[in-house]
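> for reference, the sequence and a predicted model appear below.
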Amino acid sequence: MSRLSKRLIRSWAFVSKEINEVRRQPRLVLSLILGPFLILFLFGIGYQGDQTRLTAIFVPPTTGAYSQNREDYQKLVEGQLDVVRVTTDEASALRALNRQEVDLVVLVPQDIQQQISAGTQARVIVYFNEVDPIRKSAITYFTYLFISEVNKQTVAAAASQGQESASDVRSAIVRMRNALRAIELHVNRGEMGEANSQVRVLQNSAGNTLLAVVLMRQLLASDTVLVQPAEPQDPQQVNLEAGEDVSSRLSANMLALGDELRKPQPNRERVTELVSQTRSDLDTLDRLTQQFQSINPLVLAAPFYGDARNRAPIKESFTSYYAPGVLVLLLQHIAVTLGALSMVRERLLGTVELFRVSPVSPTEILVGKYFGFIFLLSIVAAVLLAMMSNEFVVEGFKLSLGVPILGDWATLVLTLALVVFASLGLGFFISAISKSESQAVQLSMLVLLTSVFFSGFFLNIENLWPPIRAVSYALPVTYGISGLQVIMLRGGIPTPALLLALLMLGTFFGLLSFILFNRAFRRG
């Protein structure tokens, strides 16, 4: 037999050995085949897309007849977000945003009409508080959609209301000026009948002018929630709201002029006064018309524009947002792997047999392993934090990723300690149910894969089907990511419920591991 044939035979012996080794470990086969499939299956039926709806507080101007009815603003934004409250107290709304009770605060400007009348778009400020760059981009895009909807409703309301009254203001003003000159001429000649007939022409033109002014004013008096009658403006600007008053006063002067001319002995001074007042009102309307025509068409078509402002305490970036998640994910995976391999290796090496004949107890073994691994993982966590921290500078050179750590270090250490404690408990549980190192490693990798999909590392767990969301709550990394983001990126303190959940999770896995290990230890 040739040397090559002998080598092939010896190699084939190991092939059959490994196949039989795997065949004799049904748990390993199930974890290799069914584990990834089950994770993907649960994710497939559980992920429902982005189902979360943004919540908002609207802050309308403090002056004017602006609606305080939440339903009006909810109708304005349709199904794009939930309006939870309408208030004129900007400070309280921003406090609620800082506490993350709502996603947005929509601040309607105090001087909408003044800005539009001056030929500028009214700025609607949308405050938000996000450290997630993806969510920040989504909110910015929502602001664009929201303002587009407001513009569409405003222009549509103006167009529908203005279709009923369409006149040429400038030509009406010319006709009225001609009628005034004719009235003055007839009065000077003593032709009161002819002057009175010109008053009727003047009144007809005044009625058309009033309708035209109403048409121009529709932009600022449309029946929408955000547009209300204007407050007094700069004296240099003609108030569109006052334009309607001028037209009404003009009609009243026409009636008074007609009544005066129908008297047997009209008072010429009174007639002259009324003509002068009418001419002054016509000049005001003329300036109003010119001002309206000079407004940028963009302002008429889109009177509002959105200004999204982030009130988060840090500048959003992908590195800063995902760094806490990476840190917790690494610590959990290392802790689970160390715990999973620990007891399996002890059994395979035969040291468990020595433990049985020694005075050491199962409790002492597990406690010692807990403290030993916690010490090692504390060093790992310190190194990782130093590599992430924005304060790690050596001789002027920045040797870290620049991730901010705004919160209290004691709370940060406590949260990481609880994550490690819960992760080690999970690792010891895997070790207790594994028969070989291969099984322990495979189960540890499945925990890592599950953590990536279900912990909120990439996707918000609120987008999961609630029954599937239970998988997320069984993972230490889920609570660790949420807690570290609050501490590092917002400078806050995690809720006691979050820390308590980590403690309970670690206690549950620890007790379960102890029961299984103690049973196997006593049985041996």
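Great, that's in hand. Numbering: from 1, shown residues only.
> hey, let's count contacts and neighbours off CA atoms from now on
Will do.
> if I look at Arg356, how far off is Leu348?
15 Å (Cα to Cα, to the nearest Å).
> correction: Ser92
Counting by Cα to Cα, the gap from Ser92 to Leu348 is 63 Å.
> ok, Gly407 next?
45 Å.
> please point out which parts of the longest helix seen in the chain sit buried.
Counting by DSSP state H, the longest helix found in the chain is helix 318-349. Across helix 318-349, burial judged by 16 or more other Cα atoms under 10 Å covers 320-345.
> what does stretch 98-109 give?
So, applying 16+ other Cα under 10 Å, buried residues of stretch 98-109: Asn98, Val102, Asp103, Leu104, Val105, Val106, Leu107, Val108, Pro109.
> residues touching the third one, list them.
With contacts defined as Cα atoms under 8 Å, 6 or more residues apart in numbering, Asp103 is in contact with Leu54, Thr55, Ala56, Leu97, Phe128, Asn129.
> okay if I get these as CSV plus pLDDT and distance to Phe458?
Formatted as CSV, the contacts of Asp103 follow (pLDDT from 0 to 100; distance: Cα to Cα, whole Å):
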residue, pLDDT, distance to Phe458
Leu54, 82, 19
Thr55, 87, 22
Ala56, 89, 25
Leu97, 90, 24
Phe128, 89, 21
Asn129, 88, 19
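> in CSV: those, plus neighbour count.
As requested, these are exported to CSV (neighbours: other Cα atoms under 10 Å):
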residue, neighbour count
Leu54, 14
Thr55, 16
Ala56, 24
Leu97, 21
Phe128, 24
Asn129, 22
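> so which of those residues are in helices?
Using DSSP H, those in helices are Leu97.
> pull the CA atoms of stretch 470-481 into PDB?
C-alpha atoms of stretch 470-481 as PDB (Å, rounded to 0.1, in the frame of the first residue of the first chain):
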ATOM      1  CA  ALA A 470     -40.600  38.400  25.600                       C
ATOM      2  CA  VAL A 471     -37.400  37.100  24.100                       C
ATOM      3  CA  SER A 472     -35.900  40.600  24.300                       C
ATOM      4  CA  TYR A 473     -36.800  40.900  28.000                       C
ATOM      5  CA  ALA A 474     -34.900  37.600  28.700                       C
ATOM      6  CA  LEU A 475     -31.600  39.000  27.500                       C
ATOM      7  CA  PRO A 476     -29.400  41.100  29.800                       C
ATOM      8  CA  VAL A 477     -28.100  43.100  26.900                       C
ATOM      9  CA  THR A 478     -31.600  44.600  26.300                       C
ATOM     10  CA  TYR A 479     -31.500  46.300  29.700                       C
ATOM     11  CA  GLY A 480     -27.800  47.100  29.400                       C
ATOM     12  CA  ILE A 481     -28.200  49.000  26.100                       C
END
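> now do the buried residues in that stretch.
Those buried within stretch 470-481 under the rule 16+ other Cα under 10 Å are Val471, Ser472, Tyr473, Ala474, Leu475, Pro476, Val477, Thr478, Tyr479, Gly480, Ile481.
> if I look at Leu366, how far off is Leu424?
For Leu366, the distance to Leu424 - Cα to Cα - is 10 Å.
> can you check Val199 too?
97 Å.
> looking at these two, which one has more neighbours?
For the pair Val199 and Leu424, the greater number of neighbours falls to Leu424 (30 against 24), based on other Cα atoms under 10 Å.
> so that one, which of the three states?
helix (DSSP: H, G, I helix; E, B strand; the rest coil).
> for it, what are its contacts?
By Cα under 8 Å, 6+ apart, the residues touching Leu424 are Gln332, Ala335, Val336, Leu338, Gly339, Tyr370, Phe373, Gly506, Gly510.
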